[in-house]
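Colleague: Kindly return the folded structure for what I paste below:
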Amino acid sequence: MGTTGPDQGAVRALLDAALAEGRTALTAPEGKALTDAYGIPTPGEALAEDASDAVRIADRLGFPVAMKIVSPHILHKTEAGGVRIGVTSAAGVREAFTSIVSNARAYDPAARILGVQVQQMVPAGTEVLIGTLTDPAFGKIVAFGLGGVLVEVLQDVTFRLAPVTRDEALSMLDGIRAAEVLRGVRGAAGVDREALAGLVVKVSRLAADFPEIREIDLNPVFASADGVMVADVRVLLDADVAAPRRTYGREAILTSMRRLMRPSSVVVIGASGESGKIGNSVMRNLVDGGFAGEIHPVNPRTDDILGHKAYKSVMDVPGEPDVAIFAIPAQSVAAALEEVGRMGIPNAVLIPSGFAEAGEHDLQAEVVSVGERYGIRILGPNIYGFYSTWHDLCATFCTPYDVRGGVALTSQSGGIGMAILGFARSTGTGVSAIVGLGNKADLDEDDLLTWFGEDPNTECVAMHLEDLKDGRAFVEAARATVPRKPVVVLKAGRTASGAAAAGSHTGALAGDDAVYGDILEQAGVIRARGLNEMLEFARALPVLPTPRGDNVVVITGAGGSGVLLSDAAEDNGLSLMTIPEDLDAAFRAFIPPFGSAGNPVDITGGEPPSTYESTIRLGLEDPRIHALVLGYWHTIVTPPMVFAELTARVVAEFRAKGVEKPVVASLAGDVEVEEASRYLFEHGVVAYPYTTEKPVEALGAKYKWARAAGLL
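Modeller: Sure, this is the predicted structure:
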């Protein structure tokens, strides 16, 4: 490739010619031309149309050679008996040519056979796979992993958005389970990491530059200490490139979201004074919730609803409302939205169901079209509504929620939304907003995340999602938000849909969950494994201070808990501190001779409150310790609330002096530990009864965010 960059013109001509013929794949010689244009190293090769031609090419390249069938209709050459490797003589080349062509004709009699590719044998090395594919949510992504015949068995692959930077490519080399193989094991030399990462970068750029390339599959690629060489190239095409989704700039999103989440005036279309109707529930929540702005009910059959003047039509509403909330049947929404558009109302909240989720795709498309024509941003349809607690705005038909705090929660599902509401209420979690997204006809997670990233009342964002309409927009919003506040995502659906029908190794490996997992991690998002974990992370992360280093110390009153807490720390990527001699001696001064220093520090179960207090103080005052994990065992000597109160008092004392370290606690005992755990949570210590896993998972999530935010 040199200094002139890739030859995009050559690739464009090659792709246009193949697509003009109606083909969905490139031949091997075309793949060679494509890789040459981007400086991707492949062995010397040529196309032989007969056996004699194959012999001449093999003599020129030098023995041994590999030979492969060339046909636009045969993608899986090995399956067709169309591959021979290690051919060492002219006689062997003649025999292989005849056999390969014969096998291919038997495999697919209708296939057009262009000849046999004769190729230099690739130097030995570690076999890896590099590929790209087009994901419905994220667009072009690049994959890297172990290659060769075991690729689909081992499935040791990682994914990133394409194109990738050099650093991102290097992170992919370290992101597979077999990363040590690439560094060299049992005396073998490691691979040339810079050459291999550079190859990942080139392939990712090639895919990103040409939307028509559906998949690239380089497998195997041989990597060694001397460099990299691609042994086989497969390129799949797609003439039907999806039209780009309508997008909005950051300022446009913030302007619209500001009026949605902090409105001065709202319209309720379908408002009702009759109990049991959604329009009544929405009105009652707005009124009873204390919304200080103007509330304009729209209902042609009455003049007053809950003390507010009712209007026959949206067109009669005075002023410049910020939000129109719909509580009318789906079939009536489009016409009413037209009036909303003519009034210049910028936001519509569509509570009714009966759209795409019920098979009414045309009806939803009509609503979206009206919204786009007038520049209306649409939340929903098929949602429970939304809360903006700091604005006293409860625009839902669910029970109201009024505990203000720093957690913004979103969900696609109404049922999950109610679970979020119940959890928040039962745990006393302070909420800045709860938003339903439903069908996401327009507004989706990236719009909300852009807003919550700027919202001064939001400290942590937690999102339940089933899919992403625009994964790249979400990643962009997440990358802008994560340096300032944690983002927790629960992605529902972990199936590898479509893998069985994929046309390449890369496609077969790219199950939905694998792609989402790697790319959300690339964006710095904390991924929750289940609903409760998402909610607990959202509750805990704002409570925990940001750690200033990796040294975690476990202090426990029970040896068994100490072992489990240590296991949990390792499972969550935490680093248990190796205790230096002076610190070990300092801990031993407070614990009985039959206790155990080291890490975990086992103070034993029969110790009085003073032992807990002294060891916790030591853990907080020593600057080499960055986080504490406490394991409490219920005894009469130190009752649960005594432990909770002394721990909270000591932590508060040090925070008042500017010493802010994350402290989590696991409490084992009788039911009194439940009250003690609640007390600790309320006083800045993330604590759980009956579990050693949950507190450490919360601490691990805080560390994961701190690393993603560049704070560690």
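
Colleague: residue closest to the middle of this structure?
Modeller: Centroid-nearest residue in the chain, with CA atoms, centre = their mean: Leu520, separated by 2.3 Å.

Colleague: Enumerate every residue touching that residue.
Modeller: Ala478, Val489, Lys491, Arg527 (CB atoms under 8 Å, 6 or more residues apart in numbering). (C-beta placed from N, C-alpha, C; glycine too.)

Colleague: ok, now with 6 Å
Modeller: Counting by CB atoms under 6 Å, 6 or more residues apart in numbering, Leu520 touches Val489, Arg527.

Colleague: Which is the succeeding secondary structure element to the longest strand anywhere in the chain?
Modeller: Counting residues, the longest strand found in the chain (DSSP state E) is strand 213-224. Going down the chain from strand 213-224, the next helix or strand is strand 227-230, by DSSP states H and E.

Colleague: packing partners for the longest strand of the chain?
Modeller: On a contact count with 3 or more CB pairs under 6 Å, 6 or more residues apart in numbering; DSSP states H and E, strand 213-224 meets strand 126-135, helix 193-209, strand 227-230, strand 233-237, helix 505-509.

Colleague: what's the closest of these to Gln412?
Modeller: Shortest separation from Gln412 across the helices and strands packed on strand 213-224 is recorded for strand 126-135, at 18.9 Å, computed as CB to CB.

Colleague: Whatever helix or strand comes next after that closest one vs strand 126-135, what angle?
Modeller: Going down the chain from strand 126-135, the next helix or strand is strand 139-146, by DSSP H and E. Computed with axes from the mean of the first three to the mean of the last three CA atoms, to 10 degrees, the direction of strand 139-146 lies at 160 degrees from that of strand 126-135.

Colleague: mind listing what strand 139-146 pairs with, with the direction of each?
Modeller: Its sheet considered, strand 139-146 pairs with strand 126-135 (antiparallel), strand 157-161 (antiparallel) by DSSP bridges.

Colleague: Just say helix, strand or coil for Arg655.
Modeller: helix (DSSP: H, G, I helix; E, B strand; the rest coil).

Colleague: Count the neighbours of it for me.
Modeller: 15 (other CB atoms under 10 Å).

Colleague: Could you report the pLDDT at it?
Modeller: Arg655 is assigned a predicted lDDT (pLDDT) of 98.

Colleague: Against Val266, how distant is it?
Modeller: 41 Å (CB to CB, to the nearest Å).

Colleague: Past the helix or strand of the chain with the lowest mean pLDDT, which element shows up next along the chain?
Modeller: Counting by mean pLDDT, DSSP states H and E, the weakest-scoring helix or strand in the chain turns out to be helix 505-509, with a mean of 46. As assigned by DSSP H and E, the chain's next helix or strand after helix 505-509 is helix 512-522.

Colleague: Determine how far the helix or strand following that next one lies from the middle of the whole chain.
Modeller: Next in sequence after helix 512-522, counting helices and strands by DSSP H and E, comes strand 526-528. With CA atoms, centre = their mean, to the nearest Å as the basis, strand 526-528 stands 8 Å off its chain's centre.

Colleague: again, but for stretch 705-712
Modeller: 16 Å.

Colleague: So what touches it?
Modeller: Val482, Pro483, Pro486, Gly524, Ile526, Thr546, Pro547.

Colleague: Could you check stretch 676-686 and say which residues are buried?
Modeller: By neighbour count with 16 or more other CB atoms under 10 Å, stretch 676-686 contains the buried residues Ala676, Ser677, Tyr679, Leu680, Phe681, His683, Gly684, Val685, Val686.
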